[in-house]
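>>> The following block contains a protein sequence and its predicted model.
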Amino acid sequence: MSIQVGSVVEGVVTGITNFGAFVELPGGKVGLIHISEVADVYVRDVKDFLKEQNKVKVKVLSVDERGKIGLSIKQLQEHSTPKPPANENHRPSRFSPPASFEDKLNKFLKDSDERLTDLKRNTESKRGGRGAARRAE
């Protein structure tokens with residue numbers, strides 16, 4: 001069976017590393033799911049999401065000239081994230097959804113104005129404040 005970019009195949013996790021998981025695909029080929037392609041949330045440890053011998057459905061992202069196959073579980077999910085197994089060390093993500101560009105811009109402008117006001121206040125106090133007369137000698 002030829003592995004095509006964009007195809008969805010089922011494979012078996014054969015190995016887990018700190019940077020991802022190796023999956024044996026049909027035809028005996030092996031591909032890599034990079035840690036960034038395991039789930040929609042931050043993945044600290046791949047072992048929280050995958051175990052060896054798990055059957056997984058993956059999307060083929062790339063096949064390079066040397067035969068290396070890049071895979072993704074994340075791109076198959078429709079905004080649903082696989083939950084890691086119950087683990088006392090795992091905490092739910094505290095990240096909020098990404099802010100819109102306008103929200104980021106408004107926050108930046110507000111922070112910038114506050115910093116500029118603080119800077120002006122500090123430099124004026126070092127010069128003697130407003131209305132300080134300069135002596136001509």
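Right, received. Where do you want to start? Values in this document were obtained by computation on a predicted structure and should not be read as measured data.
>>> middle-most residue in the protein, spatially?
Nearest residue to the geometric centre of the chain (CA atoms, centre = their mean): Y42, 5.5 Å.
>>> Surely that residue forms part of a strand?
No. Under DSSP: H, G, I helix; E, B strand; the rest coil, Y42 falls outside any strand and is assigned coil.
>>> Need the per-residue pLDDT for it.
Predicted confidence (pLDDT) for Y42: 88.
>>> ok, now E102?
84.
>>> quick revisit: now the residue nearest to the centre of the chain: how far from S7?
Look at Y42 and S7: by CB to CB, to the nearest Å, they are 28 Å apart. Bear in mind the C-beta positions are built from the backbone N, C-alpha and C, glycine included.
>>> Break the protein down into its structural domains.
8-76, 97-127 (automatic domain parsing).
>>> Tell me which of those domains sits nearest to S2.
domain 8-76 (7.9 Å; CB to CB).
>>> in the protein, what spans have low per-residue confidence?
By pLDDT under 70, the weakly predicted segments of the chain are 1, 78-97, 125, 127-137.
>>> Show the residue spans covered by the helices in the chain.
101-127 (DSSP state H).
>>> Which parts of it are strands?
Applying DSSP state E to the chain gives strands spanning 8-17, 20-24, 30-34, 55-63, 69-72.
>>> how about the first one: buried residues?
Spelled out, that is strand 8-17. Using 16 or more other CB atoms under 10 Å as the test for burial, strand 8-17 gives 9, 11, 13, 16.
>>> List the contacts of the nearest residue to D45 once chain neighbours are set aside.
Excluding the flanking residues, the one nearest D45 by CB to CB, 6 or more residues apart in numbering is N18, at 7.9 Å. Listed by CB atoms under 8 Å, 6 or more residues apart in numbering, the contact partners of N18 are 35, 45-46.
>>> Out of those, which is nearest to L116?
Of all these, L116 sits closest to I35, with 40.9 Å by CB to CB.
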